[in-house]
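> Give the three-dimensional model of this entry:
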Amino acid sequence: MPLERTTVYADPEDLAVIKEAAARRGVSEAEIIRQAIHRAAQKMRVWNEPLDFPLFDGP
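Next up is the predicted model:
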């Protein structure tokens, strides 16, 4: 999946937490930020169709 470059402004304290988390997990700071953006996007997503769960007949 191709990525697009963007610029965001962040609180220095939040960036420090991200830097520490990235070092602890052994990933880049960018990866931490990409994951957070993805989670936020999924949370805000509006589904146009209802979820289609299979129905099971019980005993």
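> could you say which helix or strand contains residue 30?
helix 29-44 (DSSP states H and E).
> Go ahead and list the helix or strand containing residue 19.
Going by DSSP H and E, residue 19 is in helix 12-25.
> So which bits of that helix are buried?
18, 22 (16 or more other C-beta atoms under 10 Å). Just so you know, the C-beta spots here come from the backbone N, C-alpha and C atoms, and that holds for glycine as well.
> now the helix holding residue 30 against helix 12-25, angle please.
Angle, helix 29-44 to helix 12-25, by axes from the mean of the first three to the mean of the last three C-alpha atoms, to 10 degrees: 110 degrees.
> List the buried residues for helix 29-44?
32-33.
> Could I get the CA-only coordinates of the helix holding residue 19 as PDB?
C-alpha atoms of helix 12-25 as PDB (Å, rounded to 0.1, in the frame of the first residue of the first chain):
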ATOM      1  CA  PRO A  12       6.500  17.800  22.700                       C
ATOM      2  CA  GLU A  13       5.400  15.600  25.600                       C
ATOM      3  CA  ASP A  14       3.500  13.300  23.300                       C
ATOM      4  CA  LEU A  15       6.400  13.100  21.000                       C
ATOM      5  CA  ALA A  16       8.700  12.100  23.900                       C
ATOM      6  CA  VAL A  17       6.300   9.300  24.800                       C
ATOM      7  CA  ILE A  18       6.300   8.100  21.200                       C
ATOM      8  CA  LYS A  19      10.100   8.200  21.000                       C
ATOM      9  CA  GLU A  20      10.300   6.100  24.200                       C
ATOM     10  CA  ALA A  21       7.700   3.600  23.000                       C
ATOM     11  CA  ALA A  22       9.400   3.300  19.600                       C
ATOM     12  CA  ALA A  23      12.800   2.600  21.200                       C
ATOM     13  CA  ARG A  24      11.200   0.100  23.700                       C
ATOM     14  CA  ARG A  25       9.400  -1.800  20.800                       C
END
